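Colleague: here's a sequence, model it:
(chains A and B)
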There are 2 protein chains.
Amino acid sequence: MSREKKNLLSDQDAPSSVNRRGFLSHSALLGLAGAGISLGLTGCKDEAKAATAGSASGAVTKGSHAGGEIMPGQLDEYYHFASGGHSGEVRIIGVPSGRTLRRIPVFNIDPMAGWGITNESKAIIGTNPDGSLKYITGDTHHVHGSYKDGTYDGRWLFVNDKIHSRLARIRMDTMEVDKITQLPNVMGFHGIFPDKRDPVDEKTNYTTRVFCGTEFHTPLPNDGRDLDEPSKWGALFSCVDAETMEVRWQCRIDGNMELVATSYDGKFAAATQYNTENAADLGGMMSAEHDACIFLHVERIEKLVKEGKFTTIGKSKVPVIDGRRAANKDPKTALTCYVPVGKNPHGVNATPDGKYFVCAGKLSPTATVIDLSLVHKWFAGNLPKERDAVVAEPEIGLGPLHTAFDNKGNAYTSLFLDSQVVKWNVEKAIANFKGDKSASFIVDRIDVHYQPGHNFSSMGETKEADGKYLNSGNKFSKDRFLPVGPLHPETEQLFNISGEKMALISDHTAYAEPHDGIIVRRDVVKTRQIYNLDDFPNKVTPENMGVERKGNKVHVRMISQAPMFSIPIIKVKKGDEVTLTLTNHDKVEDLTHGCAIPNYNINFIVNPQETKSVTFKADKPGAYWIYCTHFCHALHLEMRSRFLVEA
Amino acid sequence: MSREKKNLLSDQDAPSSVNRRGFLSHSALLGLAGAGISLGLTGCKDEAKAATAGSASGAVTKGSHAGGEIMPGQLDEYYHFASGGHSGEVRIIGVPSGRTLRRIPVFNIDPMAGWGITNESKAIIGTNPDGSLKYITGDTHHVHGSYKDGTYDGRWLFVNDKIHSRLARIRMDTMEVDKITQLPNVMGFHGIFPDKRDPVDEKTNYTTRVFCGTEFHTPLPNDGRDLDEPSKWGALFSCVDAETMEVRWQCRIDGNMELVATSYDGKFAAATQYNTENAADLGGMMSAEHDACIFLHVERIEKLVKEGKFTTIGKSKVPVIDGRRAANKDPKTALTCYVPVGKNPHGVNATPDGKYFVCAGKLSPTATVIDLSLVHKWFAGNLPKERDAVVAEPEIGLGPLHTAFDNKGNAYTSLFLDSQVVKWNVEKAIANFKGDKSASFIVDRIDVHYQPGHNFSSMGETKEADGKYLNSGNKFSKDRFLPVGPLHPETEQLFNISGEKMALISDHTAYAEPHDGIIVRRDVVKTRQIYNLDDFPNKVTPENMGVERKGNKVHVRMISQAPMFSIPIIKVKKGDEVTLTLTNHDKVEDLTHGCAIPNYNINFIVNPQETKSVTFKADKPGAYWIYCTHFCHALHLEMRSRFLVEA
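Modeller: Here you go, the predicted structure:
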């Protein structure tokens, strides 16, 4: 039995914090033991209670004076852009207050904003031939900002949908989605990361591509073939153009991909692989002693694409390059480098100094530090083995998932099974690995509540990592908050990491699921506070306002201005196809209007100077009061128009 | 010009706080002046900035030491159940922390929970003949709890949908919606309130009915008739059975209805009326000098229903009674009593001592206090005029909307135009109205940020009002938080009201729109933390687990137990109608699983011991990985099954 397996299966062999094991570590161990044989058992409720009670009381003391209080009227220091998991949305949270400043509907439907209801949003989300939405579910995992000079430039956020393999882009000036792209021939699109510099043209020092990792193997193309032969299935790594949001190319690889990272020099995209086995069941996925972190040599791939040396799959026209081992035996021409890392790894993160990628072990109690200069050396044919690029593999605790960084060379890794964050020093871990056993790399440990997934630090995924705040996104809150029924809130815990010891500041709740996020300095974000009428080609003005009929198509062009809609009575006939275009002529910041049509299932808002439209069939005769749903004025309730449908 | 109009149109005549006028009061005045003539103008941005800057800095000082800090690991003292406006949801918020403990999907779709996606939720929401959801929008305004002995009994929450005139009920043990009822022949269902005691059987001292007020007039029935004759249109007050959620009866009234209140003795339901004019345009709705608060004599109405003395409207079988003035001239047999109150009133709230209803003036700078014993006297034929039931009409400030109460006889009214909460003493206002001009009823004023709608106090809508916290739901946050684009967050401001002076504790953000809420002592709420397998008749057990085919209908019965789904491979044929029923056999609290089927637009969760199902057509051949979306275990990512659709 390997060292890793021993640690997972036996508490007494664990390297640290043996006095404290939450119920889930127990449950996980039982689950692992039973994997492939039966459903296994889950942990015992009494244990859970005992574990939580003890930890919670300790945390109160720790959290008391760690700072982070924001007084009423005070502004936060940072924006936290958080993916919302299977809620399908993205959230903007203030740091350190924990206030949710905005929800951004992405793959979900938002009846307040009208997302999924207006014509404009439907065009972005995509529709079926009958005009209905193609999808109403989504599973956002990772949100990342566009880069310039190795730090955020405040232009875009990118976020993935794992259910339907889509990439969405959010404009950071208005905080709204402007593009959604579905990746062809992939399933389980999990990890994403924008590039930080162009791999070909070094002068382009900003984001032009977004890299997308695929977790699940499928038949290629996935049209009903090879259903019973999963060994023939494959997974593709995708590159999307950040500007056009079109898929530039895909690269078929061995194994699967999970989290993605990019190097500051623009040369590499990398992804962790928990299923190098290409297996289709749990036992198979855990069989190999090591899995890998795959590095893609972007420049070489794009050269082949340019030269037309690619294939395509099924109906897709996207160029596909072969990055599998068999086709890439010579490092000097190889497109991919598979660096072996601890069993079933999870996250991969780039250190702010640009030197290393750190992979977290998940089923191994270690992190793996990969030196990027050695990966370059391998691709140049000057490093004997891929594994030689590993410069440290510190043992840090049970269930390592993700790693964040400060500005002092320290790493902060979440430990799912231990319910902890461990702070460790990267250079000391390297020294220790080289043989200096006096190099003590563990700096601090702190309990989180409970079972952390992603953690991330202020500006920690940029060269401007500042070592101020760390957020731990915890999957279980147990009895940490007032009970609200069988579905519990999850927890975003905020830590002050400016000192030697980490200090808990606060527990913020999160609606499932607060998957991943980034913490961005507030000066980076420059929003527009009102729109401009001319942003919208279909804007309604006093000149074109009115009701226009063409056959059975009726176009209503209306203006909202507190406390009135500009057309008091709109009359149509049953069966008409009605398009209502509404422009908000109010100019005062924050003076948003809503527009609901009762029994017609329509609601949306128009922010100051914004235009939106809806199209629907007037199939129900009668009188319907169009009313304002977004409180705007003392006479908000009286703000309504009559929509009359003649039988 | 009346006193009310003068106050609205001229700042210098305002009764109080003349130094401070937010931009909206200005904008409102201009809007009012221009009403019926043109769209009017809105306020100037520079004024807005000046107003906000001044107030915000003041608030920082005020909020510094008002208490209310909750340390990590500490539990909140109260639950705040908040309607979510046109987001269509209800929210549970901790008080005083402001943490959102849970979102409850009601009229919206929630791809995380699977609300609007599972068969069970679709049956509650309602579907079209083709199986699609009837509505995906909603506009929740008021959430109220069921009562026993004049206080909350923790059974149910009720919440309205204004867009489609629906009433939803939430089970407070699981915090999930279990029934939704659409009211017939009404539009703009705005105010709701449960009864507090049976009007007929005095021994029934708990909620058995929910009363629903209608804001908009429509043709009756609304089938295309009378479109051009709004004078023929009408509005109905509805009574829904709290247990069966069926509509018991409706009562046609003069004018419209907005907020609803019920008396502690169970005898009266009442509603404010801003449009006693029955007008169809803004000018008409503001023409009368007084509007009204309508009282309904429930016992008399139900006697008529029992005797079969009712009509019906259109296809609806619900008994309709005539509560209009013309049919109710003799107080001794009248079903309704129209008490004149200030112009275009907004809220109506019952004092915790059961004696009074307080109406807020909106376009009148006054509140109106109505003595319920005098309303009883009127119905007995012993009070000459309806207006004689008014025992006070204190002048309190501009734009009064809603009133909350403490346990010391004080009222707290939100002032939309003044952006303030004013604290005033009810008995002193009555003494003043009687002629004791030395009775000074204003106790305190405090700025809120900005333009408050509803406010509500801890247990303030029960006999157990405790005077501890007051929440002000503010419609505009302006520059109070970090900018997030043209759509601003709204604000829930929390005040400590235990002292003579109100003290601001904190600003919490709210996603539009935090309409109304109640603050409930935590001991009242008794939730179930896990389900019971037997709660679900369609539960999956090891005995019935498997894939069953009947013709082209395939039923997949599967179990989830971390880290596996119980069926690794499911094979169907293109064109099959597939029902997937999933039971979560994990018993550990908080161990929820998710279930997504890529490209099939399916996601939902199953909480511990819960069963849910989905039905869909297998129309896309290929291999699809069903995966767990709710982080459950160290091997969560590996928790997946193959769903194979043969071409």
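Colleague: and the closest residue to chain B within the stretch 101-250 of chain A, how far from A:Met112?
Modeller: The stretch 101-250 of chain A approaches chain B most closely through A:Gly224 (3.1 Å), counting by Cβ to the nearest Cβ. C-beta coordinates here come from the backbone N, C-alpha and C atoms, glycine included. From A:Gly224 across to A:Met112, the span is 40 Å (Cβ to Cβ, to the nearest Å).
Colleague: tell me which of the two has more neighbours.
Modeller: A:Met112 (29 against 17; other Cβ atoms under 10 Å in any protein chain shown).
Colleague: phi, psi of that one?
Modeller: phi -70, psi -60 (degrees, to the nearest 10).
Colleague: so it touches A:Ala596, yeah?
Modeller: No - using Cβ atoms under 8 Å, A:Met112 is not in contact with A:Ala596; the gap is 10.4 Å.
Colleague: anything in contact with each of those two?
Modeller: A:Asn603, A:Thr629, B:His86 (Cβ atoms under 8 Å, 6 or more residues apart in numbering or on different chains).
Colleague: for PyMOL, what selects the buried ones among those residues?
Modeller: To isolate the buried members of the shared contacts of A:Met112 and A:Ala596 in PyMOL, using 16 or more other Cβ atoms under 10 Å in any protein chain shown:
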select buried, (chain A and resi 603+629) or (chain B and resi 86)
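Colleague: contact partners for A:Phe433?
Modeller: Contacts of A:Phe433 by Cβ under 8 Å, 6+ apart are A:Val369, A:Val391, A:Ala392, A:Glu393, A:Pro394.
Colleague: show me where the stretch 401-550 of chain A has helices.
Modeller: A:426-434 (DSSP state H, counting those that start in this stretch).
Colleague: correction: the previous question concerned the stretch 101-250 of chain A.
Modeller: A:119-125.
Colleague: give me the below-cutoff pLDDT ranges for it.
Modeller: Counting by pLDDT under 70, the stretch 101-250 of chain A contains no low-confidence range.
Colleague: end-to-end on stretch A:161-177?
Modeller: Distance across stretch A:161-177, first residue to last, is 13 Å (Cα to Cα, to the nearest Å).
Colleague: same check on stretch A:329-339?
Modeller: Stretch A:329-339 has an end-to-end distance of 14 Å (Cα to Cα).
Colleague: contacts for that stretch, please.
Modeller: Residues outside stretch A:329-339 that contact it (Cβ under 8 Å, 6+ apart) are A:251, A:253-255, A:273, A:276, A:292-297, A:300-301, A:304, A:321-325, A:327-328, A:370, A:375, A:378-381, A:383, A:386-387, A:389-390.
Colleague: mind doing that once more with 7 Å?
Modeller: Here stretch A:329-339 makes contact (Cβ atoms under 7 Å, 6 or more residues apart in numbering or on different chains) with A:251, A:253, A:292-297, A:300-301, A:321, A:323, A:325, A:328, A:370, A:375, A:378-381, A:386-387, A:389-390.
Colleague: show me where pLDDT drops low in chain A?
Modeller: Where chain A drops to pLDDT under 70, the residues are A:1-67.
Colleague: could you redo the last one with a cut-off of 80?
Modeller: Low-confidence segments of chain A, defined by pLDDT under 80, are located at A:1-69.
Colleague: quick one, domains of it?
Modeller: As assigned by automatic domain parsing, chain A contains the domains A:1-158+A:396-526, A:183-347+A:373-390, A:533-646.
Colleague: what's the span of the last one from first residue to last?
Modeller: Taking Cα to Cα, the span from the opening residue of domain A:533-646 to its closing residue is 33 Å.
Colleague: and for the second one?
Modeller: From its first residue to its last, domain A:183-347+A:373-390 covers 32 Å (Cα to Cα).
Colleague: and it, how far out from the chain middle?
Modeller: Centroid separation for domain A:183-347+A:373-390 versus its chain: 19 Å, with Cα atoms, centre = their mean, to the nearest Å.
Colleague: and if you look at the first one?
Modeller: Counting by Cα atoms, centre = their mean, domain A:1-158+A:396-526 is centred 12 Å from the centre of its parent chain.
Colleague: and for the last one?
Modeller: Put simply, domain A:533-646 sits 35 Å off its chain's centre (Cα atoms, centre = their mean).
Colleague: sec struct for A:Ala326, please.
Modeller: Three-state call for A:Ala326 (DSSP: H, G, I helix; E, B strand; the rest coil): helix.
Colleague: point to the residue nearest the middle of chain A.
Modeller: A:His142 (1.5 Å; Cα atoms, centre = their mean).
Colleague: return the residues in contact with that one.
Modeller: Counted by Cβ under 7 Å, 6+ apart, A:His142 has contacts A:Ser83, A:Val159, A:Asn160, A:Gly191, A:Ile192, A:Asp516.
Colleague: so the spatially closest residue to the fifth one that is not a sequence neighbour bridges to which residues?
Modeller: Same thing as A:Ile192. Using Cβ to Cβ, 6 or more residues apart in numbering or on different chains and skipping residues adjacent in sequence, the residue nearest A:Ile192 is A:Asn160, 4.7 Å away. Listed by DSSP bridges, the beta-bridge partners for A:Asn160 are A:Leu167.
Colleague: didn't A:Asn160 look like it was pressed against A:Leu167?
Modeller: Yes - taking contacts as Cβ atoms under 7 Å, A:Asn160 lies within contact range of A:Leu167: 5.8 Å.
Colleague: neighbour count winner among these two?
Modeller: A:Asn160 (31 against 22).
Colleague: give me every residue in the stretch 351-500 of chain A lying close to chain B.
Modeller: Neighbours of chain B within the stretch 351-500 of chain A, by Cβ under 7 Å from any Cβ of the partner chain: A:362, A:399, A:416-417, A:453, A:475-478, A:480-489.
Colleague: measure stretch A:159-168 end to end?
Modeller: Start to finish, the residues bounding stretch A:159-168 are 5 Å apart (Cα to Cα).
Colleague: anything in contact with each of A:Asn160 and A:Leu167?
Modeller: By Cβ under 7 Å, 6+ apart, the residues touching both A:Asn160 and A:Leu167 are A:Ile192, A:Cys212.
Colleague: which of the contacts of A:Phe433 tops the neighbour count?
Modeller: A:Pro394 (27 neighbours).
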